[in-house]
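1. pasted the sequence and its predicted model underneath.
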Amino acid sequence: MTSADRSAVQLTHPDRVYWADAGVTKADLADYYAKAWPRMAPFVTNRPLALLRCPEGTAGQCFFQKHAWRGHAREVLTVQDPNDNSEEPILAIDSFDGVIGLVQGAALEIHPWQAALADLEHPDQIVMDLDPGEGITWQDLIDGALEVRTRLEKAGLQTFVKTTGGKGIHVVAPLKPVTGWNEVKEFTKAIADDMASDSPDRYVATITKSKRVGHILIDYLRNQRGATAIAPYASRARAGAPVSMPLDWDELGPSIGPAHFTVNNAANRFGMTDPWKDFRKAEVALKLR
């Protein structure tokens, strides 16, 4: 059964090539999401979304989209953000039809907020993004992720890890949505600052590119209102059609690189135990310093 058989959304030009180098078409991406959906759904439904849209595929121009566009599938929802002065509706989905609507709209990347629509003022997860500078090895990045894990767990949080489909690693911790954005951002900033202070030869906590050569950026800025991070299982508009893949911590090693999983090969994962199956069960209230 193809995705078209499961969705009310009609894919026009299903053979349109989205990743020429990997031979991935619009229909292929829809079929991948059909397989990933049971695991992906909790992380993308009923959350504000930012999208990277590439109407001509990765070979053409791509652009970020945070607001509704003319002609989007009706299964792509529009929601008013009471704190957005532009009064332009933000985007969300609540079903498999919604993600196929995003595929139809050439959304090759899906980036959710760290909060649900039901409570936009209280994040329900933390994302620590480890972004390697020039000269950083994959093992360096793994070591950094393990240190982030240790520091978050020392603060009482349970951690989960995933590849980004880009160059980095995300360490994610579920939260009970009871703490505001400012407090969560300050907490994550303190983690990043402490790592940079304790190991200034290895880590930086500022975006400045000139400081990042030979260092890992501990990017805590994903944890502020309106900021986003690539969703688990979402594709990336990069060479090879990689996807962001949740891992078990024991899998984090040299055999799996940051773009190891792709639209073409990731389906094999879905017959294995879900390493993030207990994600929501692990949420706790953040204990502020």
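-> Yes, it's here. Numbering: from 1, shown residues only.
2. show me what the top strand by length along the chain is packed up against.
-> Scanning the chain for the strand with the most residues, using DSSP state E, yields strand 125-132. With contacts taken as 3 or more Cβ pairs under 8 Å, 6 or more residues apart in numbering; DSSP states H and E, strand 125-132 sits against helix 138-154, strand 169-174, helix 181-198, strand 216-219. The way it works is simple: take the backbone N, C-alpha and C, and place the C-beta from them, glycine included.
3. out of these, which gets nearest to residue 119?
-> Nearest of the helices and strands packed on strand 125-132 to residue 119, taken as Cβ to Cβ: helix 181-198 at 11.2 Å.
4. any chance you could list what contacts the following helix or strand past that closest one?
-> Next in sequence after helix 181-198, counting helices and strands by DSSP states H and E, comes strand 203-204. The contact list for strand 203-204 (Cβ atoms under 8 Å, 6 or more residues apart in numbering) reads 133, 144, 192, 195, 196, 211, 212, 215, 216, 217, 218.
5. list the neighbouring strands of strand 203-204 plus their orientation.
-> strand 216-219 (parallel) (DSSP bridges).
6. next one: the strand it pairs with to chain centre, how far?
-> Relative to its parent chain, strand 216-219 has a centroid offset of 16 Å by Cα atoms, centre = their mean, to the nearest Å.
7. partners of the following helix or strand past it in the sheet?
-> As assigned by DSSP H and E, the chain's next helix or strand after strand 216-219 is strand 246-247. Applying DSSP bridges, strand 246-247 is found paired with strand 160-163 (antiparallel).
8. quick one: distance of stretch 230-245 to the chain centre.
-> Relative to its chain's centre, stretch 230-245 lies at 9 Å (Cα atoms, centre = their mean).
9. now it - C-alpha only, CSV.
-> Listed next in CSV are the C-alpha coordinates belonging to stretch 230-245 (Å, rounded to 0.1, in the frame of the first residue of the first chain):
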residue,chain,number,x,y,z
ILE,A,230,14.5,19.4,13.1
ALA,A,231,11.9,16.8,14.0
PRO,A,232,12.7,13.2,14.8
TYR,A,233,12.4,11.2,11.5
ALA,A,234,12.2,14.3,9.4
SER,A,235,14.1,14.5,6.1
ARG,A,236,16.8,17.1,5.4
ALA,A,237,17.2,19.1,2.2
ARG,A,238,20.8,17.9,1.9
ALA,A,239,22.8,15.6,-0.3
GLY,A,240,21.7,11.9,-0.1
ALA,A,241,18.2,12.7,1.4
PRO,A,242,19.3,12.1,5.1
VAL,A,243,16.8,12.0,7.9
SER,A,244,17.1,12.8,11.6
MET,A,245,17.0,9.5,13.4
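10. quick check: mean pLDDT of it?
-> Across stretch 230-245, the average pLDDT comes to 98.
11. list the buried residues of that stretch.
-> Within stretch 230-245, the residues scored as buried using 16 or more other Cβ atoms under 10 Å are 230-238, 240-245.
12. mind listing residues that contact that stretch?
-> 18-19, 21-22, 24, 29, 32-33, 36, 39-40, 43-44, 52, 54, 58, 62, 108-112, 162-166, 170, 246, 258-264, 266, 269, 276.
13. and the two most separated of the contacts of strand 203-204?
-> 144 and 211 (15.7 Å).
14. these two: which is more packed in?
-> residue 144 (26 against 15; other Cβ atoms under 10 Å).
15. look up how far residue 261 lies from that one.
-> Between residue 144 and residue 261 the computed distance is 20 Å (Cβ to Cβ, to the nearest Å).
16. now swap in residue 200 and tell me
-> 33 Å.
17. same check, this time on residue 70
-> 34 Å.
18. out of those two, which sits in the busier spot?
-> In this view residue 70 and residue 261 are compared by other Cβ under 10 Å, and residue 261 has more residues nearby, 25 against 4.
19. residues touching residue 26, list them.
-> Residue 26 makes contact with 11, 13, 14, 15, 16, 18, 103, 104, 106 under the criterion Cβ under 8 Å, 6+ apart.
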